[in-house]
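**Q** The following comprises the amino acid sequence and a computationally predicted model.
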Amino acid sequence: MPIPPPPPSVLVRNAGTDVGSRRAINLLAGTGLSRTVTDDPTNNEVEITLALTSAANGCRVSHDANQSISDNSLTALSFNTEQYDTNAFHDTATNNSRLTVPTGLGGRYLIVGTVEWAANADANERFAGIRLNASSFLTSSSQPAINSASVTTKQVVVAIYELAAGDYVELIVRQQSGGALNALANATAAPTLALHWLAPAEDGSSSDYQQTVTVAKAGGDYTTIQAAITAIIDAAETKRYLVLVYPGKYTEQVTMKDWVDVRGIDRQSVQIEYGATTGAIIMDDNCALENLTIENSSTEGHWGIVATNKSGVHIRSVNECLANRHGVLAG
């Protein structure tokens, strides 16, 4: 029986420049982008339509009553009214000071907060800041109050930051008038907190994951990578996890898990260091290690990454410090 010829190849071009020739083209999902593919046999064409879907994702919240703020005390403002909320970023009753990034919507966000202080005859500090995960401030404003019994003091704080699913932001305020002072409710102008999706994260952390957990020296879900991986007990092909690691040096041996990927926010500033004869990173089936730096500090020349007898393993954009050891052991 004769062997049938292979299917014809397709020349792929990007803006007129040849990219390659393939027998099949696979269009991958992307955050904030929908795709429609239609076969048009009459004209011998395949029509591909791309459209933005995530550009409008976000919310803006406010409060309909004055909030009394104690003297010299950092306080998270509450928000009981939603101007809009496209994807359940906010809850008006539970933790209503927070705007939380939903699953699948990690990426780069614009965050804006406003507060208007009641008029008071003092020129002491008025503070407002956007705080991430009850830990670090993304931006803040500290200024003297307008010293007037009839003129209010207004503040606006703005940040653009990459947020992962589960991250939350709050508008934190403080005043030093010498007594309690109101943060005024002024129709829809103040206090407000808004969060708007702008683009996918630089490392693509917002796509193709059903669950995301974060690791950070402070403010993450976990403080070690291994603790995050160990806590995941329901990962599967249909429920792939991303462990997103924020900057820092993590001195630990990491044993990967099926259907769990580990990705650094920044390849240079996320470092895993461990002196182990069995390797600093032990890979499993169907997992990926991406965008970080690995060093096995053992002086005996051992491997940084061990991936023997494993399938579905992906290692991308990983720096390896090669002193005193080898790189990847696979086979």
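**A** Received, thanks. Note that this is a predicted model, so its numbers are computed, not measured. Numbering: from 1, shown residues only.
**Q** only C-alpha atoms for contact and neighbour calcs from this point on.
**A** Will do.
**Q** tell me what the helix or strand encompassing residue 229 is packed against?
**A** Using DSSP states H and E, residue 229 sits in helix 225-231. Helix 225-231 sits against strand 211-215, strand 241-245, strand 254-255, with contacts defined as 3 or more CA pairs under 8 Å, 6 or more residues apart in numbering; DSSP states H and E.
**Q** which residues are in contact with it?
**A** 213-215, 221-222, 243, 245, 250, 252-257, 260 (CA atoms under 8 Å, 6 or more residues apart in numbering).
**Q** and residue 137, how far is that from residue 96?
**A** 19 Å (CA to CA, to the nearest Å).
**Q** what comes up buried for the helix holding residue 229?
**A** For helix 225-231, burial by neighbour count (16 or more other CA atoms under 10 Å) applies to 225-226, 228-229.
**Q** biggest separation within these, which pair?
**A** Using CA to CA, the two most remote members of the buried residues of helix 225-231 are 225 and 229, lying 6.4 Å apart.
**Q** could I get stretch 161-180 in CSV with only the CA atoms?
**A** Provided in CSV are the C-alpha atoms of stretch 161-180 (Å, rounded to 0.1, in the frame of the first residue of the first chain):
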residue,chain,number,x,y,z
TYR,A,161,1.2,47.6,39.2
GLU,A,162,1.2,44.0,38.1
LEU,A,163,-1.2,42.0,40.3
ALA,A,164,-1.8,38.3,40.5
ALA,A,165,-5.1,36.6,41.1
GLY,A,166,-5.9,36.8,44.8
ASP,A,167,-4.0,40.0,45.3
TYR,A,168,-6.0,42.8,46.9
VAL,A,169,-5.5,46.6,47.3
GLU,A,170,-6.9,49.0,49.9
LEU,A,171,-7.0,52.8,50.4
ILE,A,172,-5.2,53.5,53.7
VAL,A,173,-5.5,56.9,55.3
ARG,A,174,-4.1,58.7,58.4
GLN,A,175,-4.5,62.2,59.9
GLN,A,176,-2.8,64.0,62.7
SER,A,177,-5.2,66.8,63.6
GLY,A,178,-5.1,66.0,67.3
GLY,A,179,-8.5,64.3,67.4
ALA,A,180,-10.9,62.3,65.3
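**Q** I'd like the distance from it to the chain centre, please.
**A** Mean-position distance between stretch 161-180 and its chain equals 18 Å (CA atoms, centre = their mean, to the nearest Å).
**Q** same question, stretch 142-154
**A** 36 Å.
**Q** How about residues contacting it?
**A** By CA under 8 Å, 6+ apart, stretch 142-154 touches 114-128.
**Q** and the end-to-end length of it?
**A** Note: stretch 142-154 ends 11 Å apart using CA to CA.
**Q** Name the residues of it that are buried.
**A** Buried residues in stretch 142-154 (16+ other CA under 10 Å): 145-146, 152-154.
**Q** Give me the subset of those lying in strands.
**A** 153-154 (DSSP state E).
**Q** just the buried residues of stretch 142-154 now: which is nearest residue 108?
**A** residue 154 (26.7 Å).
**Q** Next one, pLDDT for that closest one please.
**A** For residue 154, the model assigns a pLDDT of 94.
**Q** measure it to residue 181 for me?
**A** In terms of CA to CA, residue 154 sits 13 Å off from residue 181.
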